[in-house]
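Novice: Just a sequence and a predicted model for now, questions to come.
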Amino acid sequence: MDFGMPYYTPMDKSYHSDIQHTDRRSDIEQQSLFSINQIGQTVPEVDPSGRNRSVIENVEAAIKGGAGNVQIVMSVVGQTSGMGGGPKAYGEDVREAIRDVQRVSGAKITGVELPTQISNLSGFSQQGFSEQQRKTALEEVKDSIKFIGDIAGGGGVDVLSWEFPRNFSDAKWFNKKEGFEQKGEEIPAIVDTQTGNIQQFHPKQKFYMYKKPGTNEDTPGKPQEWLWKDFKILAEKEGKRAEDVFVKEYLQKQEERQIKHQESTLTYYSDMYAEQIEGWKRQLEDKNIPEEYKKRIKENIKRVNERLETEKEQLTMLELEKKRIEDYKTRYQPVDTFGLQKAAQSYGEAGIWAMQESQKNQYVQHGKGSIYVGPEIGWPQFYGSHPKEWVELIKTSRDEMSRQLTDKSSPYFDSSISKQQAEKIAREHIKGEVDTSHIGMWLQNFKPELPWDKRVSEFKNWFKDQMEYLAEENKKYDLIGGVQIVDSASGAHGHLPPGQGILGKDIYEYMKILKEKGGYKGELTSEGHEEERMGQGRILTKAWETFGVPIGSNYWHGRAMPQFRDIRNSYANIAYGTTGIFQSYVPSNDFQLWSQVPLE
């Protein structure tokens, strides 16, 4: 059926008239920017509604609801769950059933999103950086790579990017004039690269050094009180990081001072013991000393010699301690330096696994597809949430993957791959996911002193600038693997259908920038599941409405194709479906049936 053709309108008041809607994009555009099958939705692995549907039924329900593409959101980390779950919980029959659903419907699964329990690949946890946690997360990624290859013949594996916490003022993107303010106090920290332990400092914590605060001016014998801001001042003067200055000027020198004091004490006692022994030896040369006294002197020499040996051993240990302290410059690093290196290492390995699975998986080969893995833009308090951090993470990870493929010391070294080929391969297998709601969360930190409406208005200008930036970077480097279109009624994390929150209808313009200026050719995935209790299917239908997708295919006599919003709101401009009678169809209260049964 084609809505808008003559057989649609005979009972309408305006017979054969054009369907009108005040918010129709077709009034100004003859062709929709996105086709209906380009706009899909996320599907949970485990049905949250309590209907206990399987992942197959969830995918099938979404496709029957009109989704042309689907992204599966995993719910359980299979590597750590005692009850099972995750990609490893689905055998060949289930995977074949999911393939069949796609073959029959013509829809496709574009990727999987890992559960939020895996929120980084840097290995960061509340206890610091854990190599075991990093490897566990990577194993889950590896299972997911095989899973998406088997069920879809390729696609993306999406990891939420909360790589590690960082202070706004330390970030490369930070510009005070933009108006972003970090919630709570900034907490300086360094990481021990050997253990992964993180040492944090309060901004008002006091440190005592024999230097004038914020300078390299010595104050011999007069310790001065320093705060973290003083290390930042000195760092700015020297063109360094405050963390590096702290390690060199405080941590390292404090221990050096302690070692020097211990060394001085040990040397003093060693010399004293040596002199005592020499004095006793001279006494033993006197032949007139009684044997009993000689015996006592020899016992003293033995006892002091033991002490002297102990002092020498401690002095030797202090020499080793000196060498240990010399390594502080490389052992202790800013959290973001170490964290980015670890995250890039992980994504580099994951990218290689995606490449290998793409080459050997029969379903990927049959469909001529490809598998990629990458970060999803995270939340503002973590690295990986700002668009510039997200871009940096992807680029750094690609460089690391290329290095691992071409470095002879790497376990993934392949002599048949040149550096240029490695860079091309990394570009194909490491891409990221843009989440509009996560970028929208930056509103929480944006100019809190402004009135709400003005604040949102100015924030949306910043949001548009970020889309312009991402479009420019994507045009050059093909960074975007997928886009989740989501909204929120505030700066808090939300999952409203696109167009229902602060981004509103402008989300269409933002995606237009990515497509027309950034060359993005992929799908848009609605993750707006929070209003499903208001009306099943809103996750998708509101996305169609917001993006003005056409719902017909015939020629329309010079008019634009009708869109979903035209049909949904053609009789009454209401947001939700209703089981009651409305508008002029409601009968008068004076009317009664002959049986006097009341109408409801």
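Specialist: Thanks, I have it.

Novice: tell me which element V191 falls in.
Specialist: Taking DSSP states H and E as the criterion, V191 maps to strand 189-192.

Novice: Show me the strands paired with that strand, marking each as parallel or antiparallel.
Specialist: strand 198-200 (antiparallel), strand 332-334 (antiparallel) (DSSP bridges).

Novice: Turn these into JSON lines, columns for mean neighbour count, mean pLDDT and distance to E468.
Specialist: Where you see a C-beta, it was placed from the backbone N, CA and C, and this is true even at glycine. Compiled in JSON lines, the strands paired with strand 189-192 are given as follows (neighbours: other C-beta atoms under 10 Å; pLDDT from 0 to 100; distance: least, C-beta to C-beta, whole Å):
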{"stretch": "strand 198-200", "mean neighbour count": "15", "mean pLDDT": "95", "distance to E468": "36"}
{"stretch": "strand 332-334", "mean neighbour count": "20", "mean pLDDT": "94", "distance to E468": "30"}
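
Novice: Of the ones you listed, which is nearest V483?
Specialist: The closest of the strands paired with strand 189-192 to V483 is strand 332-334. By C-beta to C-beta, the value is 31.6 Å.

Novice: Which element is encountered next along the chain beyond the closest one?
Specialist: Tracing the chain C-terminally past strand 332-334 and defining elements by DSSP H and E, one meets helix 335-360 next.

Novice: Could you tell me how many residues sit around I277?
Specialist: Applying other C-beta atoms under 10 Å, we find 18 other residues in the vicinity of I277.

Novice: what sits against it?
Specialist: I301, V304, N305, L308 (C-beta atoms under 8 Å, 6 or more residues apart in numbering).

Novice: what about the residue lying closest to F124 once chain neighbours are set aside, neighbour count?
Specialist: Excluding the flanking residues, the one nearest F124 by C-beta to C-beta, 6 or more residues apart in numbering is F164, at 4.4 Å. F164 has 24 neighbours, counted by other C-beta under 10 Å.

Novice: ok, F164 touching Y383?
Specialist: Yes. Under the criterion of C-beta atoms under 8 Å, F164 makes contact with Y383 at 5.4 Å.

Novice: Tell me the residues that contact both of these two, please.
Specialist: Contacts common to F164 and Y383, judged by C-beta under 8 Å, 6+ apart, are D336, G339.

Novice: mean confidence score for stretch 32-51?
Specialist: Average pLDDT, stretch 32-51: 84.

Novice: Distance across that stretch, terminal residue to terminal residue?
Specialist: 36 Å (C-alpha to C-alpha, to the nearest Å).

Novice: tell me the domain boundaries of the chain?
Specialist: 46-180+336-500, 189-333 (automatic domain parsing).

Novice: just flag whichever of those has the lowest average confidence.
Specialist: Minimum mean pLDDT among the domains of the chain: domain 189-333, a mean of 88.

Novice: that older thread, contacts only, for the residue nearest to F124.
Specialist: Here F164 is in contact with N120, S122, F124, F129, V335, D336, G339, F382, Y383 (C-beta under 8 Å, 6+ apart).

Novice: same thing but 7 Å
Specialist: N120, S122, F124, V335, D336, G339, F382, Y383 (C-beta atoms under 7 Å, 6 or more residues apart in numbering).

Novice: Could you tell me whether R455 really is in a strand?
Specialist: No. Using DSSP: H, G, I helix; E, B strand; the rest coil, the assignment for R455 is helix, not a strand.

Novice: is it true that it touches K447?
Specialist: Yes. Counting by C-beta atoms under 7 Å, R455 does reach K447; the two are 5.5 Å apart.

Novice: With that, I have no additional questions.
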